[in-house]
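In: This is a predicted model, with the sequence first.
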Amino acid sequence: MTDRSVSWTDAESIARLLVRATVPRRAAASFARTTSTARAARPVPAAALPSAAPVARVSTPPQPPPPVVAPPTQQPVVPKLEQASDNPSDRLDALLAWTLDHQRCTGAFVADDNGLTLAAHGISEAHVSLVGPLLSALVAVRSIPGIDATSGALWLGANMMSWVEARTERGGFCLGAVGAEALSTQALEQLKEALEVTVRGL
């Protein structure tokens with residue numbers, strides 16, 4: 001019987017078929033493993049990553065600058081009056097010039113306790129005429145117990161008149177300053193000291 005039976009099996013043919021069928025499967029499996037490893041090692045583009053939620057920044061409002069503290073204003077030092085002349089007229093003129101130069105006033109005068117104006121500068125004749133009656137009234141005020149009328153200030157028309165008095169053996173003298181406002185207590189003390197220096201020895 002020369003024809004082969006359908007059930008006949010050739011061992012060598014089957015082996016070759018198995019080899020051909022097995023090799024491609026192993027290569028495909030190796031290729032799949034290599035591809036998955038490469039994909040895992042490849043960096044993921046930033047665009048592909050999920051973006052994080054934006055962080056809210058709290059802006060601090062600008063702080064106001066610290067207040068500028070002005071340095072305390074220093075009062076100008078007023079030099080003491082020094083009289084170099086023995087002439088009464090020169091001494092009175094020096095006193096008025098010193099008063100106008102170093103005090104806040106526009107006019108000044110010197111009078112005695114009888115109301116007689118001895119010297120005046122920067123004040124009107126009307127003011128000069130009022131000085132006598134005012135000083136005479138102050139003499140009466142000084143007689144009231146507890147009232148000190150040796151210095152003070154009062155309105156004289158549209159201006160303020162500040163005055164100080166100094167007593168000597170020959171009587172009392174008054175130095176007045178006329179300006180827009182009353183002089184301070186310190187200024188009145190300076191005026192009184194200058195007046196005492198001036199009338200001493202007259």
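Out: Perfect, I can see it now.

In: can we go C-alpha only for contacts and neighbour counts from here?
Out: Noted.

In: Which residue ranges of this structure form strands?
Out: 107-112, 117-121, 151-156, 159-168, 171-179 (DSSP state E).

In: can you tell which of those is closest to V77?
Out: strand 171-179 (18.8 Å; C-alpha to C-alpha).

In: From R142, how far off is the nearest residue to D93 once chain neighbours are set aside?
Out: Nearest non-adjacent residue to D93, counting by C-alpha to C-alpha, 6 or more residues apart in numbering: A119, 7.3 Å away. Distance, A119 to R142, using C-alpha to C-alpha, to the nearest Å: 23 Å.

In: higher neighbour count, the two?
Out: A119 (16 against 13; other C-alpha atoms under 10 Å).

In: Does that one touch V110 like I think?
Out: Yes. Counting by C-alpha atoms under 8 Å, A119 touches V110, with 5.2 Å between them.

In: Pull up the overlap in contacts between those two.
Out: L92 (C-alpha atoms under 8 Å, 6 or more residues apart in numbering).

In: can you give me the helices for the protein?
Out: 11-41, 88-102, 125-142, 185-199 (DSSP state H).

In: and the ones you listed, which one is worst for confidence?
Out: Note on these: helix 11-41 shows the lowest mean pLDDT, a mean of 56.

In: still on that earlier bit, least confident of the strands of the chain, on average?
Out: When the strands of the chain are ranked by mean pLDDT, strand 151-156 comes last with a mean of 86.

In: just the CA coordinates of it, formatted as CSV?
Out: The C-alpha trace of strand 151-156 is given here as CSV (Å, rounded to 0.1, in the frame of the first residue of the first chain):
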residue,chain,number,x,y,z
SER,A,151,3.1,143.0,84.7
GLY,A,152,0.3,142.0,82.4
ALA,A,153,-1.4,142.6,79.1
LEU,A,154,-4.6,144.2,77.8
TRP,A,155,-6.1,145.2,74.5
LEU,A,156,-5.3,148.6,73.3
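
In: Partner strands of that strand and their direction?
Out: Strand pairing for strand 151-156, using DSSP bridges, gives strand 159-168 (antiparallel).

In: Next, the buried residues of the strand it pairs with.
Out: 159-167 (16 or more other C-alpha atoms under 10 Å).

In: Surely K192 is in contact with E165?
Out: Yes. Counting by C-alpha under 8 Å, K192 does reach E165; the two are 6.6 Å apart.

In: okay, now A111: neighbour count?
Out: Neighbour tally, A111, other C-alpha under 10 Å: 21.
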